[in-house]
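>>> have a look; sequence and predicted model below, questions after that.
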Amino acid sequence: MKIDIPKTVALECPSCNSTGHSIDDNQITTCGSCDLKLHKDELIEQNKSNIRSKINTKKIAEDLAKTLSKRFKNFK
């Protein structure tokens, strides 16, 4: 059974909801639409609800439990 965990989540600009960003050597992101500048960590913080909505931890836990149960079914 394959456990479906998203590998990427598009971070949205908190000002205009654009997902097109660039990042410089100092980890400052710049929105491609409205030119809002945020530190990478602040952009991630602003997107926490978006990140959480894309990662269904309950489903991941259920899939993992099923997989482990099948793999260790005959283990005694």
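Thanks, I have the structure now.
>>> need the helices for the chain, in chain order.
40-46, 48-54, 57-71 (DSSP state H).
>>> send me the last one as PDB with only the CA atoms.
Listed in PDB are the C-alpha atoms of helix 57-71, where the atom choice follows Å, rounded to 0.1, in the frame of the first residue of the first chain:
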ATOM      1  CA  THR A  57      -2.400  13.500   9.000                       C
ATOM      2  CA  LYS A  58      -5.400  11.300   9.900                       C
ATOM      3  CA  LYS A  59      -5.300   9.600   6.500                       C
ATOM      4  CA  ILE A  60      -1.500   9.200   6.600                       C
ATOM      5  CA  ALA A  61      -1.800   7.600  10.100                       C
ATOM      6  CA  GLU A  62      -4.600   5.200   8.900                       C
ATOM      7  CA  ASP A  63      -2.600   4.200   5.800                       C
ATOM      8  CA  LEU A  64       0.500   3.600   7.900                       C
ATOM      9  CA  ALA A  65      -1.400   1.500  10.400                       C
ATOM     10  CA  LYS A  66      -2.800  -0.700   7.600                       C
ATOM     11  CA  THR A  67       0.600  -1.100   6.000                       C
ATOM     12  CA  LEU A  68       2.300  -2.000   9.200                       C
ATOM     13  CA  SER A  69      -0.500  -4.400  10.100                       C
ATOM     14  CA  LYS A  70      -0.200  -6.200   6.700                       C
ATOM     15  CA  ARG A  71       3.600  -6.400   6.900                       C
END
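>>> helices or strands next to that helix in the packing?
Under the contact criterion of 3 or more CB pairs under 8 Å, 6 or more residues apart in numbering; DSSP states H and E, helix 57-71 touches no helix or strand at all. For the C-beta atoms, the positions are set from N, CA and C on the backbone; glycine is no exception.
>>> and it, which residues are buried?
residue 63 (16 or more other CB atoms under 10 Å).
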